[in-house]
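K.L.:
no FASTA, just this:
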């Protein structure tokens, strides 16, 4: 436990110091991107990892928020109003998504979320009077919370880091809570959960809402980071990339989506500078993960480290096998 | 007043009538054994009683309260608990966590998303007590996936008992157990206090016979014989159903 606290403190310090180590604004911006996509992936992981409900429409949720913020800013509203209304819009659309998609589970759930996501994309693309169609909406300025402008790469990174830390801390509290346990229960044995007195549908609905809230928050970060929103950000590929982050890093783990977000963003931005077929690279990496660590990078690495530890301490192996240490629930 | 009453219950799957005009009246504190050959409709009857399947007609009453249209989860809150013939537990979690989920199901705490479950000492204590009742408290922190089949059966029973039900439905609690395990489970079921009404399905008559006050014999979805242990065993129709004469 104390060791874990030390690790968390060390990670936070490293994240705070990061922009002053890498300095180059281009790379600081990539770090910001990783963090904002990590917030998105954390939200998706609540539903996919802990709820067992795979969504292919989540980019629609962050997209609605991003469009709402951009539209209101362009209409002359202030940042506070735009952000609040954007989050509200994201949550309302999430409730609609949940109400429709939760009529099903499994493959049908995926297909409904896919269809709903495509509807949002279609609206962004064709409802030109609001969304400006393919040209998108430009956001002229980033906000200046407490009088601190977020124009520079480092200041935006710091703001994103604060949001990210709140998001991951919130997820940590959530997954260890009674409600988090109930959600995981509905993933593993929905029928038994129902017989035990749990309201399976309602548990899934609120999990969807929390997932949507994190998506909406990432949407706000996204639109301010790019200072631009276009239908591309809502496309199926954006939703699929989010899913790729969750699965490659490790679904139903706290750090998995963060590692997955880092992987996808780095391959997309850094590797693409050297290899023009970067999509191929991403695919190859994903195949390698599925073959070597089907449970994802984070749990897979934990497994490998443990196996190495065990083989290095053979004489202890009898004891560990007799009383296996409970898997630390992230 | 019956603890559990089933009135003229009918259910068909397409053209297949799996429950035909079934009537049951189980008194408070009674131990009722429901027997019948494979496909007699025993588990379907349980699913109708718990509401996991909706009946075509008829009624289910829990302490004179009509619960025919009540959702399964609400029946749990009204004091109905069940175990499953096919083990339906949470394999990724520890035995203790399984028991805690059973307790959470009836607690308002289940909606709490900000407290830490592992530090809810009241729930922890009650979960350990429920495991002690089935003799599993010494291995509470073991992952469920690492337990034997017999231990899983006992976890099923511990979870049902943890909910302190008024009516307990046991679907083949002896299925797949060794002779020793059967003896243990039989002792465990005998120790259930009489303020709990127990309805038990068993495929094999001999195993559970001495636990039962009254026995209902189902065959092709119909009640063929009902009576005391001695009456049902002596009835020629019982012999007919089981030996196919």
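P.N.:
Alright, I've got the coordinates. Quantities reported herein were computed from a predicted structural model and do not represent experimental measurements.
K.L.:
which residues does residue B:39 contact?
P.N.:
Listed by CB atoms under 8 Å, 6 or more residues apart in numbering or on different chains, the contact set of residue B:39 reads residue B:220. All C-beta atoms are positioned from the backbone trio N, CA, C, and that covers glycine.
K.L.:
Secondary structure element holding it?
P.N.:
In this structure, residue B:39 sits in neither a helix nor a strand according to DSSP states H and E.
K.L.:
Tell me the buried residues in the lowest-mean-pLDDT helix or strand in chain B?
P.N.:
Within chain B, confidence by mean pLDDT, DSSP states H and E is lowest for helix B:205-208 among all helices and strands, at a mean of 77. Buried residues in helix B:205-208, counted by 16 or more other CB atoms under 10 Å in any protein chain shown: B:205, B:207, B:208.
K.L.:
quick one: which of the residues you listed is nearest to residue B:226?
P.N.:
residue B:205 (14.3 Å; CB to CB).
K.L.:
Verify the stated contact: that closest one with residue B:35.
P.N.:
Yes: Residue B:205 is within contact range of residue B:35, at 5.3 Å (criterion: CB atoms under 8 Å).
K.L.:
Can you show me the strands along the stretch 101-250 of chain A?
P.N.:
A:137-138, A:228-229 (DSSP state E, counting those that start in this stretch).
K.L.:
ugh, typo on my part, it should be chain B
P.N.:
Applying DSSP state E to chain B gives strands spanning B:4-13, B:16-26, B:31-35, B:57-62, B:65-66, B:80-82, B:167-171, B:197-202, B:214-219, B:222-228.
K.L.:
The ones you listed: which one's closest to residue B:158?
P.N.:
strand B:80-82 (11.0 Å).
K.L.:
Check which helices and strands that closest one is in contact with.
P.N.:
With contacts taken as 3 or more CB pairs under 8 Å, 6 or more residues apart in numbering or on different chains; DSSP states H and E, strand B:80-82 sits against helix B:42-50, helix B:149-162, strand B:167-171.
K.L.:
Let me know which of these is the nearest to residue B:117.
P.N.:
Smallest distance to residue B:117 across those (CB to CB): 15.1 Å, for helix B:149-162.
K.L.:
If we go by neighbour counts, what in that closest one is buried?
P.N.:
The neighbour-count check on helix B:149-162 (16+ other CB under 10 Å) flags B:150-162 as buried.
K.L.:
anything in it sitting right up against chain A?
P.N.:
Yes: using CB under 8 Å from any CB of the partner chain, helix B:149-162 reaches chain A at residue B:159.
K.L.:
what packs against that helix?
P.N.:
Using 3+ CB pairs under 8 Å, 6+ apart, the elements in contact with helix B:149-162 are strand B:80-82, helix B:95-104, helix B:121-133, strand B:167-171, helix B:179-190.
K.L.:
Direction included, what does the first one pair up with?
P.N.:
This points to strand B:80-82. Strand B:80-82 has these partner strands in its sheet, going by DSSP bridges: strand B:167-171 (parallel).
K.L.:
What mean pLDDT does the partner strand get?
P.N.:
Mean pLDDT, strand B:167-171: 96.
K.L.:
same question, stretch A:95-104
P.N.:
97.
K.L.:
what comes into contact with that stretch?
P.N.:
So stretch A:95-104 is contacted by A:53, A:55, A:57, A:60-61, A:109, A:112-113, A:116, A:201, A:204-205, A:208-209, A:212 (CB under 8 Å, 6+ apart).
K.L.:
swap in stretch B:42-60?
P.N.:
Residues from elsewhere that reach stretch B:42-60, judged by CB under 8 Å, 6+ apart: A:191, A:194-195, B:4-12, B:18-19, B:21-22, B:34-36, B:66-68, B:70-72, B:75, B:80, B:82, B:85, B:169, B:171, B:199, B:201, B:203, B:218, B:221.
K.L.:
Contact partners for residue A:90?
P.N.:
Neighbouring residues of residue A:90 by CB under 8 Å, 6+ apart: A:61, A:62, A:64, A:65, A:68, A:212, A:213, A:215, A:216, A:219.
K.L.:
Now it. Nearest residue, chain neighbours left out?
P.N.:
In space, and not counting its chain neighbours, residue A:90 is closest to residue A:216: 2.9 Å by CB to CB, 6 or more residues apart in numbering or on different chains.
K.L.:
I figured the one you found was touching residue A:94, is that so?
P.N.:
Yes: using CB under 8 Å, residue A:216 makes contact with residue A:94 at a distance of 7.3 Å.
K.L.:
neighbour count winner among these two?
P.N.:
Higher neighbour count among residue A:216 and residue A:94: residue A:216, with 30 against 25, using other CB atoms under 10 Å in any protein chain shown.
K.L.:
and residue 219, what does it touch?
P.N.:
Unless you meant another one, I'm taking chain A. By CB under 8 Å, 6+ apart, the contact list for residue A:219 reads A:61, A:62, A:63, A:64, A:65, A:66, A:69, A:86, A:90.
K.L.:
look at chain B instead
P.N.:
In this structure, residue B:219 makes contact with B:36, B:37, B:40, B:241, judged by CB under 8 Å, 6+ apart.
K.L.:
Likewise for residue B:118?
P.N.:
By CB under 8 Å, 6+ apart, the contact set of residue B:118 is A:176, B:124.
K.L.:
how close does residue A:56 get to residue A:101?
P.N.:
10 Å (CB to CB, to the nearest Å).
K.L.:
sorry, back to before: list buried members of the contacts of stretch B:42-60 by neighbour count.
P.N.:
Buried, going by 16+ other CB under 10 Å: A:194-195, B:4-7, B:9-11, B:18-19, B:22, B:34-36, B:67-68, B:70, B:72, B:75, B:80, B:82, B:85, B:169, B:171, B:199, B:201, B:203, B:218, B:221, out of the contacts of stretch B:42-60.
K.L.:
quick one, what contacts residue A:206?
P.N.:
Residues counted as contacts of residue A:206 (CB under 8 Å, 6+ apart) are A:179, B:113.
K.L.:
Now with 10 Å, please.
P.N.:
Shown in contact with residue A:206 (CB atoms under 10 Å, 6 or more residues apart in numbering or on different chains): A:98, A:179, A:182, A:183, A:199, B:111, B:113.
K.L.:
Check residue B:68 too.
P.N.:
By CB under 10 Å, 6+ apart, the contact set of residue B:68 is B:6, B:7, B:9, B:48, B:51, B:54, B:55, B:57, B:58, B:59, B:60, B:61.
K.L.:
gap between it and residue B:55?
P.N.:
Distance of residue B:68 to residue B:55, computed by CB to CB: 7 Å.
K.L.:
Around chain B, which positions in the stretch 51-200 of chain A sit nearby?
P.N.:
Where proximity means CB under 10 Å from any CB of the partner chain, the interface of the stretch 51-200 of chain A facing chain B comprises A:170, A:172-185, A:187-189, A:191-200.
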